[in-house]
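*Asks:* Provide a 3D model corresponding to the input given below.
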Amino acid sequence: MLKAAGIVVEYNPFHNGHLLHVNETKKVTGADIVIAVMSGPFLQRGEPALVSKWARTKMALASGVDIVIELPFCFAVQHATHFASGAVRLLDAIGCDTLCFGSEDGTVAPFINMVAWKNNNEQLLNEKIKQLSKDGLSYPTATAKSYDLLADNQGSALDLSQPNNMLGFQYIEAIHKYAPGITPFTIKRQASGYHQAELHQEKISSATSIRKAIYEDGITSVSGHVPPETYSGLLQYYNHVKQYHSWEDYWALLQYSILSQSPEELRTYYEMEEGIEYRLIDAARKADSFTSFMEAVKTKRYTWTRLQRIFTHLINHTKKEDFSGNTAPAYLRLLGMSQPGRSYLQRRKKEFGLPLISRVGRNDEQLLSMDLKAGRVYAMGVTNKAARSSLLLADYTNPPIIQL
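*Replies:* From the prediction side, this is the model:
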């Protein structure tokens, strides 16, 4: 039987560090194929993807990933806990035996120990997080500091202020809760940190620094920092769409969403808390760009990431009530496959824990409504009319990509 290893990705865009991750995943797990669950048009930090999910799928398949499935919008634009729980349950449903993630030290035992410690000290931990949040710390900072202060005495120390470590911790916790049949592995991250803003001379640079270089210096500046297939894919995308996506492309839509609604209406949106709607209305009246708007509204408590997630839910019209029901994944949305991946799907499809959707039909519209809406909103940020029309229909017209 073919062994499948799972990875959780965004590929914004696919770069040399991701290529290393794919190759090392096969090596350390002994898997025959690698299955990636990938965010769609909007990402965990609340921003539009640089290029479409179809372009990113193509890059992944060209660099060794065998199957790409979409992480639904309701998990993709979320805190790490929900993001990880959705991804892990999808990988479990599609038959993965293992999951491999990147971390700062490349050792899985501290993650397992920390999850065990949390399970025995949850009340103590929650009280400390609440106390630090009242002191003005953002939730992620308060959480990381609480673990540092409390768990360090238990010999379970793990630096959860590092984003990849925090995500890894959430993957292990999700495996413990929902998918005990999956064995976790981790590999040490190379060179650049998750949020590092400048390109790294060793050619393994963060996605953040690669996007920054593309926006500021053009595509040629990153040619050595991404695989050739990514570079050509980025060129093709720009030739077709005439732009790379950023929040500035959605500023008019966001400004309209804020200024056309009352504070009471804004309060109904997911993650809109603590009266911030008044601050948003005031800033939206004065700002002339997304960047100037963000500078006006961000605070120590309301981080850039938290605000971007709120804004993503605003332009996608995602209300609190949309998340009040069952939060378990309900389907596997196939975006692409290699030939070995295709063989795996043909052999194992009947064993999957969720239905596999490869083409979206009328019967799927209700189930996929949030994802389809996110795809349409993403397309609205495109200026070129022909490219926008194509992207508006892509969820219906694009079959899964097959890597020959």
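*Asks:* For this structure, just list every one of the strands.
*Replies:* 4-9, 33-39, 67-71, 98-103, 183-188, 332-338, 356-357, 401-403 (DSSP state E).
*Asks:* In this protein, where is pLDDT below threshold?
*Replies:* For the chain, the stretches flagged by pLDDT under 70 are 152-157, 191-202, 325-326.
*Asks:* Outline the domain layout of it.
*Replies:* Listed by automatic domain parsing, the domain ranges of the chain are 4-104+187-245+328-403, 247-321.
*Asks:* a markdown table please, covering those domains and showing mean neighbour count.
*Replies:* For glycine as for every other residue, the C-beta is placed from the backbone atoms N, C-alpha and C. Formatted as a markdown table, the domains of the chain follow (neighbours: other C-beta atoms under 10 Å):
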| stretch | mean neighbour count |
| --- | --- |
| domain 4-104+187-245+328-403 | 20 |
| domain 247-321 | 17 |
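*Asks:* I'd like to know which of those lies nearest to Met166.
*Replies:* domain 4-104+187-245+328-403 (5.5 Å; C-beta to C-beta).
*Asks:* still on that earlier bit, possible to save the domains of the chain as CSV with distance to Ala144?
*Replies:* As requested, those are exported to CSV (distance: least, C-beta to C-beta, whole Å):
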stretch, distance to Ala144
domain 4-104+187-245+328-403, 11
domain 247-321, 13
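*Asks:* how about the helices in the stretch 201-350 of the chain?
*Replies:* Per DSSP state H, counting those that start in this stretch, the stretch 201-350 of the chain carries helices over the ranges 207-217, 228-241, 251-259, 263-266, 276-286, 290-297, 304-315, 339-348.
*Asks:* Distance to Glu47 added to the ones you listed, as CSV?
*Replies:* Formatted as CSV, the helices of the stretch 201-350 of the chain follow (distance: least, C-beta to C-beta, whole Å):
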stretch, distance to Glu47
helix 207-217, 9
helix 228-241, 17
helix 251-259, 12
helix 263-266, 20
helix 276-286, 17
helix 290-297, 10
helix 304-315, 5
helix 339-348, 28
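*Asks:* that older thread, closest to Asp135 out of the domains of the chain?
*Replies:* The closest of the domains of the chain to Asp135 is domain 247-321. By C-beta to C-beta, the value is 10.1 Å.
*Asks:* gap between the closest one and the chain center?
*Replies:* 20 Å (C-alpha atoms, centre = their mean, to the nearest Å).
*Asks:* got the end-to-end distance for it?
*Replies:* 25 Å (C-alpha to C-alpha, to the nearest Å).
*Asks:* For Met59, which residues are in contact?
*Replies:* Met59 makes contact with 11, 13-14, 227, 229-230, 233, according to C-beta atoms under 8 Å, 6 or more residues apart in numbering.
*Asks:* of those, closest to Pro110?
*Replies:* Relative to Pro110, the closest of these is Tyr11; by C-beta to C-beta it sits at 26.7 Å.
*Asks:* Find the residue closest to that closest one in space, skipping its chain neighbours.
*Replies:* In this structure, Tyr11 finds its nearest non-sequential neighbour in Arg56, 4.5 Å apart by C-beta to C-beta, 6 or more residues apart in numbering.
*Asks:* Next one: that neighbour from Cys74, what distance?
*Replies:* 19 Å (C-beta to C-beta, to the nearest Å).
*Asks:* could you check the angle strand 183-188 makes with the longest helix seen in the chain?
*Replies:* For the chain, the helix with the greatest residue count under DSSP state H is helix 163-178. Angle, helix 163-178 to strand 183-188, by axes from the mean of the first three to the mean of the last three C-alpha atoms, to 10 degrees: 180 degrees.
*Asks:* Flag every buried residue along helix 163-178.
*Replies:* 163, 165-176, 178 (16 or more other C-beta atoms under 10 Å).
*Asks:* Need the max-distance pair from these.
*Replies:* The two members of the buried residues of helix 163-178 with the most space between them (C-beta to C-beta) are Pro163 and Tyr178, at 21.9 Å.
*Asks:* Specify the beta-bridge partners of the nearest residue in space to Asp364 that is not next to it in sequence.
*Replies:* In this structure, Asp364 finds its nearest non-sequential neighbour in Ile357, 5.8 Å apart by C-beta to C-beta, 6+ apart. With DSSP bridges as the criterion, Ile357 is bridged to Arg333.
*Asks:* surely Ile357 meets Tyr331?
*Replies:* Yes: counting by C-beta atoms under 8 Å, Tyr331 is a contact partner of Ile357 at 5.3 Å.
*Asks:* what touches both of the two?
*Replies:* Both Ile357 and Tyr331 are in contact with 364, 367-368, where contact means C-beta under 8 Å, 6+ apart.
*Asks:* Can you tell me which of the residues you listed is nearest Leu50?
*Replies:* Nearest to Leu50 out of the shared contacts of Ile357 and Tyr331 is Leu368 (C-beta to C-beta; 23.0 Å).
*Asks:* Now do the contacts for that closest one.
*Replies:* 72, 331, 333, 357, 360, 395.
*Asks:* and what of Glu271?
*Replies:* Residues in contact with Glu271, defined by C-beta under 8 Å, 6+ apart, are 306, 309-310, 313.
*Asks:* Output those as JSON lines; include the columns distance to Glu216.
*Replies:* Output for those, formatted as JSON lines (distance: C-beta to C-beta, whole Å):
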{"residue": "Arg306", "distance to Glu216": "25"}
{"residue": "Arg309", "distance to Glu216": "24"}
{"residue": "Ile310", "distance to Glu216": "26"}
{"residue": "His313", "distance to Glu216": "28"}
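*Asks:* Next up, phi/psi of Arg359, please.
*Replies:* phi -130, psi 130 (degrees, to the nearest 10).
*Asks:* doesn't Leu335 make contact with it?
*Replies:* No: at 11.5 Å, Arg359 does not count as touching Leu335 under the criterion of C-beta under 8 Å.
*Asks:* Return every residue with contacts to both of these two.
*Replies:* In contact with both Arg359 and Leu335: Pro400, using C-beta under 8 Å, 6+ apart.
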